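Asker: A structural model of the following input is requested.
(one chain, ligands or ions: 1)
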Amino acid sequence: MILKPQQLEQYEQDGFLILEDFVSAAQCDAVRARTEALVEQFDPDGVRSIFSTREQTRTSDDYFLGSGDQIRFFFEEDAFDEDGNLLRTKERSINKIGHALHDLDPVFNGFSRTAQLAQLADDLKIDRPLLLQSMYIFKQPHIGGEVTCHQDATFLYTEPLGVAGLWFAIEDAVIENGCLWAIRGGHRLGLKSRFVRKPEGGTRFEILDQSPWPQAEAIPLEVKKGTLIVLHGLMPHMSRANRSAKSRHAYTLHLMNAGCHYPADNWLQRSPSLPLRGFI
Ligand code: FE2
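Answerer: Below you'll find the model as predicted:
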């Protein structure tokens with residue numbers, strides 16, 4: 001086992017777990033360098049997809065909805081001027097890349113499929129884990145957008161609930177550059193919403209519980225490069241905008257239990273040509 005019994009107990013109690021030095025600086029640098037190469041190859045002309053957790057209409061476009069089995073690039077909300085031109089270089093404008101890096105890119109595949117992570121999933125009692133989605137998140141200097149309080153199970157809903165998030169710090173994450181914030185024990189508050197595809201096209205939030213988050217209880221999770229934060233699928237978490245001069249790169253991977261039902265109206269879908277796979 002990788003996790004000690006008291007760490008498992010803490011995860012169950014808190015809904016998150018911080019594992020320092022889980023990956024090496026060299027591993028972080030390798031995915032970062034690969035990301036730079038992917039961005040270099042990316043032609044932003046004609047692609048103006050913005051990622052925002054506040055405006056659902058902006059996340060309903062085909063480019064976003066078709067990204068479940070692709071490597072696609074989403075811009076920061078503040079990346080453009082009024083005429084739709086990039087205010088900065090594309091390297092300094094992209095919010096994130098998603099959502100099948102781990103299946104389509106050899107470097108991300110190698111980072112995501114290790115014996116260590118398979119053991120971690122086993123320790124977390126994720127039976128027959130499947131790698132559901134991956135994202136490389138930039139949290140760009142000055143324009144890195146806020147991510148409002150949410151539960152990952154809202155976006156990756158299963159029956160029964162069986163999703164865990166793995167959040168790797170590719171750079172140091174502190175309050176100043178927009179680290180994660182979490183509500184300790186908040187995974188016991190129940191699922192508040194689901195983000196689903198509408199039958200007529202587009203997406204909507206299906207509200208299950210209207211009550212607000214106890215956001216005053218949120219604590220910052222400041223971590224060093226190489227740290228892995230394990231997030232329970234029901235863990236309420238968020239991050240503030242990054243107005244500092246430093247980026248805050250992170251890589252996230254979500255796992256689901258293969259025995260759980262994955263509904264057809266979840267926003268994230270795959271074509272049969274790229275089925276979900278586990279660690280092998
Ligand atoms: Fe999240």
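Asker: Show the contacting residues for the nearest residue to L221 once chain neighbours are set aside.
Answerer: With sequence-adjacent residues excluded and distances taken as C-beta to C-beta, 6 or more residues apart in numbering, L221 is closest to L180, at 4.5 Å. For the C-beta atoms, the positions are set from N, CA and C on the backbone; glycine is no exception. By C-beta atoms under 8 Å, 6 or more residues apart in numbering, the contact set of L180 is 167, 173, 220-221, 223, 229, 237-239.
Asker: Out of those residues, which sit inside strands?
Answerer: Among the contacts of L180, DSSP state E puts 167, 220-221, 229, 237-239 in strands.
Asker: Let's have those residues in TSV, adding distance to R128.
Answerer: Output for those, formatted as TSV (distance: C-beta to C-beta, whole Å):
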residue	distance to R128
W167	22
P220	34
L221	29
I229	23
H237	26
M238	31
S239	31
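Asker: Where neighbours are concerned, which of those residues has the most?
Answerer: Counting neighbours by other C-beta atoms under 10 Å, S239 leads the ones in strands among the contacts of L180 with 26 neighbours.
Asker: coming back round to it: now do the residue nearest to L221 against G66, distance only.
Answerer: Look at L180 and G66: by C-beta to C-beta, to the nearest Å, they are 28 Å apart.
Asker: circling back to that earlier point, quick one, phi/psi of the residue nearest to L221?
Answerer: L180 adopts backbone torsions of phi -70, psi 150, taken as degrees, to the nearest 10.
Asker: So in terms of bridging, what pairs with it?
Answerer: Here L180 sits in beta bridges with L221, S239, as judged by DSSP bridges.
Asker: can you give me the strands in the protein?
Answerer: 16-19, 71-75, 94-99, 129-137, 147-150, 163-169, 180-182, 193-197, 203-207, 219-221, 228-232, 237-239, 250-257.
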